[in-house]
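S.K.: sequence and predicted model, in that order:
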Amino acid sequence: MKKDLHAQLKFLREERNLSLDDLSLKTRIGTARLQAYEAGEQVPSVQTILKLSNALEVPASNLLDGIEEKLSN
């Protein structure tokens, strides 16, 4: 079962022992915005997803799958 983007993002961040501040420094995205992404309150742009995937060292498809599943429902 695929995870939604917000759940996948939080899972990957925690799996890598990164705090929101750490991820914020790596991506230059504010911590409040990152919290909103993880809470599912906002959906990041494709460009932002690329930044996040690079910082988390995963293929962008790992995060995009969560968005595609949500859009197809």
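M.R.: Received the coordinates, thanks.
S.K.: give me the neighbour count for Leu34.
M.R.: Using other C-beta atoms under 10 Å, Leu34 has 22 other residues around it. Yep, even glycine has a C-beta here, placed from its N, CA and C like the rest.
S.K.: from now on call the first residue 45
M.R.: All set: I'll call the first residue 45, so the last point we hit is now Leu78.
S.K.: which ones are touching it?
M.R.: When contacts are counted by C-beta atoms under 8 Å, 6 or more residues apart in numbering, Leu78 is found next to 64, 67-68, 71.
S.K.: also Arg60?
M.R.: Under the criterion of C-beta under 8 Å, 6+ apart, the neighbours of Arg60 are 100-101.
S.K.: could you do the one 10 residues further on as well?
M.R.: If a contact means C-beta under 8 Å, 6+ apart, then Lys70 has 62, 99 as its contacts.
S.K.: go again using 10 Å as the cut-off
M.R.: Under the criterion of C-beta atoms under 10 Å, 6 or more residues apart in numbering, the neighbours of Lys70 are 62, 95-96, 98-101.
S.K.: and it, how far is that from Leu62?
M.R.: Lys70 is 8 Å from Leu62, where distance means C-beta to C-beta, to the nearest Å.
S.K.: picking up where we left off before, next, format the contacts of Leu78 as CSV and append pLDDT.
M.R.: As requested, the contacts of Leu78 are exported to CSV (pLDDT from 0 to 100):
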residue, pLDDT
Leu64, 97
Leu67, 98
Ser68, 97
Thr71, 97
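S.K.: please identify the helix or strand for Ala51.
M.R.: helix 49-59 (DSSP states H and E).
S.K.: buried set for the next helix-or-strand element following that helix?
M.R.: The first helix or strand that comes after helix 49-59 along the chain, using DSSP H and E, is helix 64-71. When neighbours are counted by 16 or more other C-beta atoms under 10 Å, the buried residues of helix 64-71 are found to be 64, 67-68, 71.
S.K.: any regions of this protein where pLDDT drops low?
M.R.: Low-confidence regions of the chain, defined here as pLDDT under 70, cover residues 45-46, 110-117.
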